[in-house]
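Novice: What would the 3D arrangement of this be:
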Amino acid sequence: MGVNKLCKCSRPSINCYFQQFTKRRCTPYGMENGQCNTVAKNKPPVSIEKEIRPISLTPIAAKVFESIIMKWVDETIEGEIDAKQFGGITPVSTTDVLVELVHMWYKATDKLNSYVTVVMLDFSKAFDLINHHLLLDKLQSYGLPAHILRWVATFLLDRAQLVKIGNEYSHSGHPNGGVPQRTLSGPKCFLVYINDLRTTVPLYKYVDDSTLFEICDKNDVSVIQESVDIAARWTEQNDMKIYSEKSKEILISFAQDGNFRSTIPNIKIDGRDIAQVCHPKLLGMTISQDLTCNKHVNNIVKKAGKRLYMLFQLKRAGITQKDLVSVYVSVVRPVLEYACHVWHTSLPQYLSDNIVVIKRALKCIFSGFGYAEILTRVNLDTLNVRRAAFVKNILI
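Specialist: From the prediction side, this is the model:
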């Protein structure tokens with residue numbers, strides 16, 4: 001029996017199965033359970049506690065059931081989510097929040113004596129520290145139907161998980177908090193949980209990445225410390241924790257006299273100064289104090305250059321040209337295009353470095369041909385043409 005025919009035959013049974021458990025306000029037995037695979041944030045990880053991310057693998061049937069339940073949740077919280085929350089909302093992406101933030105910072109620093117203080121807050125193990133009872137209270141406050149609320153409660157409170165490392169498995173246990181990562185419900189639940197985090201200065205969120213900023217003249221009294229204190233109090237009240245060591249502060253200004261920076265006190269979290277840096281990363285993009293993107297372009301050129309090694313190795317292994325082009329399009333080129341809406345106006349000499357990487361990649365695949373000829377053969381546009389199209393699309 002073919003897969004399509006099997007799906008058609010089993011659809012009524014699965015539908016009835018899901019309806020019965022929805023009416024009973026609980027998840028089918030075992031569906032809430034998951035296997036946690038560990039993924040290192042940095043390779044090799046230096047600290048198991050800080051640099052290992054647990055990825056929860058739930059049964060396929062659970063994902064289907066979860067997607068149905070999440071439609072109810074979406075309909076309930078629609079219009080309630082903070083307008084400055086860009087994460088987990090289709091079709092918004094990290095590029096959208098970067099474009100909006102950088103535009104506001106450019107506009108603010110057009111004034112001669114103005115500067116922008118930006119604080120990037122890092123929540124420690126944000127998904128793992130969610131208090132289930134606080135989350136359920138917040139979902140209930142938005143008017144989520146009782147039977148759906150009960151299902152979410154069962155999915156979270158009755159969840160058992162075990163950890164797999166290599167071929168070894170841990171004993172199964174019941175976590176007393178948190179939402180499973182890489183599930184459909186995890187990000188949605190986190191959006192609801194963090195939704196009431198508000199400050200007196202603008203606060204932009206992308207799921208658990210929170211960025212607040214303040215626009216000041218040199219003679220103004222800064223109030224951003226008060227907003228950071230508000231965020232710190234919110235984390236205490238909601239059983240969360242701000243990781244002060246990874247939180248960053250950057251002062252953005254076009255002023256020629258940089259001495260004023262030394263007169264601005266450092267931002268403190270729990271009595272500790274957070275690092276004041278020149279080139280922090282925000283949602284994967286390197287931000288500079290003068291808002292030039294040259295540092296970012298240099299970084300992505302280096303990153304893409306490292307990925308060329310994989311392309312060379314695949315060619316040596318005898319991979320076809322068609323497959324090599326697919327690897328280039330899906331692995332190498334996206335690095336050089338990410339958030340290009342923000343940095344496509346960088347100086348030509350920096351943008352030309354992107355072209356050098358692209359030429360090396362394509363000439364690795366099609367040795368003996370010129371760059372323009374290769375683009376014609378595989379029907380690909382130049383980076384400049386693609387960037388212009390991306391920018392046009394976001395402006396329409």
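Novice: mind listing the helices for the stretch 51-200 of the chain?
Specialist: 60-77, 94-108, 132-141, 146-157, 185-194 (DSSP state H, counting those that start in this stretch).
Novice: Between those helices, which one is closest to Y169.
Specialist: For Y169, the closest of the helices of the stretch 51-200 of the chain is helix 60-77, at 19.1 Å, according to C-beta to C-beta. For glycine as for every other residue, the C-beta is placed from the backbone atoms N, C-alpha and C.
Novice: which helices and strands sit right next to that closest one?
Specialist: Identification of packing neighbours for helix 60-77 by 3 or more C-beta pairs under 8 Å, 6 or more residues apart in numbering; DSSP states H and E yields helix 3-23, helix 146-157, helix 185-194.
Novice: Lowest average confidence across those, which one?
Specialist: Per-stretch mean pLDDT for the helices and strands packed on helix 60-77 is lowest at helix 3-23 (a mean of 60).
Novice: Mind checking what helix or strand follows it in sequence?
Specialist: As assigned by DSSP states H and E, the chain's next helix or strand after helix 3-23 is strand 34-40.
Novice: And the contacts of that following strand?
Specialist: 51-58, 159-165, 180, 183 (C-beta atoms under 8 Å, 6 or more residues apart in numbering).
Novice: I'd like to check the angle between it and helix 60-77, please.
Specialist: For strand 34-40 against helix 60-77, the angle by axes from the mean of the first three to the mean of the last three C-alpha atoms, to 10 degrees is 80 degrees.
Novice: Now, the contacts of strand 34-40 that are in strands?
Specialist: If you go by DSSP state E, the contacts of strand 34-40 have I52, R53, P54, I55, S56, L57, Q161, L162, V163, K164, I165 in strands.
Novice: what sits against the first one?
Specialist: For I52, the contacting residues are T38, V39, A40, K41, P45, taking C-beta under 8 Å, 6+ apart as the criterion.
Novice: Equivalent analysis for the last one, please.
Specialist: I165 sits next to T38 when contact means C-beta under 8 Å, 6+ apart.
Novice: how about the nearest residue to L112, chain neighbours excluded?
Specialist: Spatial nearest neighbour of L112, chain neighbours left out: A255 (7.5 Å); criterion: C-beta to C-beta, 6 or more residues apart in numbering.
Novice: Quick check: the one you found vs L212, distance?
Specialist: Counting by C-beta to C-beta, to the nearest Å, the separation of A255 from L212 is 22 Å.
Novice: Look at the two and report which has more neighbours.
Specialist: Higher neighbour count among A255 and L212: L212, with 23 against 16, using other C-beta atoms under 10 Å.
Novice: which SS class is the more buried one?
Specialist: Following DSSP: H, G, I helix; E, B strand; the rest coil, we place L212 in the strand state.
Novice: ditto for E226
Specialist: Following three-state DSSP, we place E226 in the helix state.
Novice: What is the burial count for the closest residue to it other than its chain neighbours?
Specialist: Nearest non-adjacent residue to E226, counting by C-beta to C-beta, 6+ apart: T200, 6.2 Å away. Using other C-beta under 10 Å, T200 has 12 neighbouring residues.
Novice: any idea of the pLDDT on T200?
Specialist: 94.
Novice: how about it, what does it touch?
Specialist: By C-beta under 8 Å, 6+ apart, the contact list for T200 reads V223, E226, S227, I230.
Novice: now do 10 Å
Specialist: Contacts for T200 (C-beta atoms under 10 Å, 6 or more residues apart in numbering) come out as L212, E214, V223, I224, E226, S227, I230.
Novice: For it, give its distance to V228.
Specialist: T200 is 10 Å from V228, by C-beta to C-beta.
Novice: Then F65?
Specialist: Taken as C-beta to C-beta, the span from F65 to V228 is 40 Å.
Novice: same question, V97
Specialist: For V97 relative to V228 (C-beta to C-beta), the value is 20 Å.
Novice: Same check on K268?
Specialist: K268 is 8 Å from V228, by C-beta to C-beta.
Novice: Next, show the common contact partners of those two.
Specialist: I274.
Novice: For the longest helix along the chain, which residues meet the burial criterion?
Specialist: Assignment by DSSP state H gives helix 294-316 as the longest helix of the chain. By neighbour count on 16 or more other C-beta atoms under 10 Å, the buried set for helix 294-316 is 294-297, 299-301, 304-305, 307-308, 311, 314-315.
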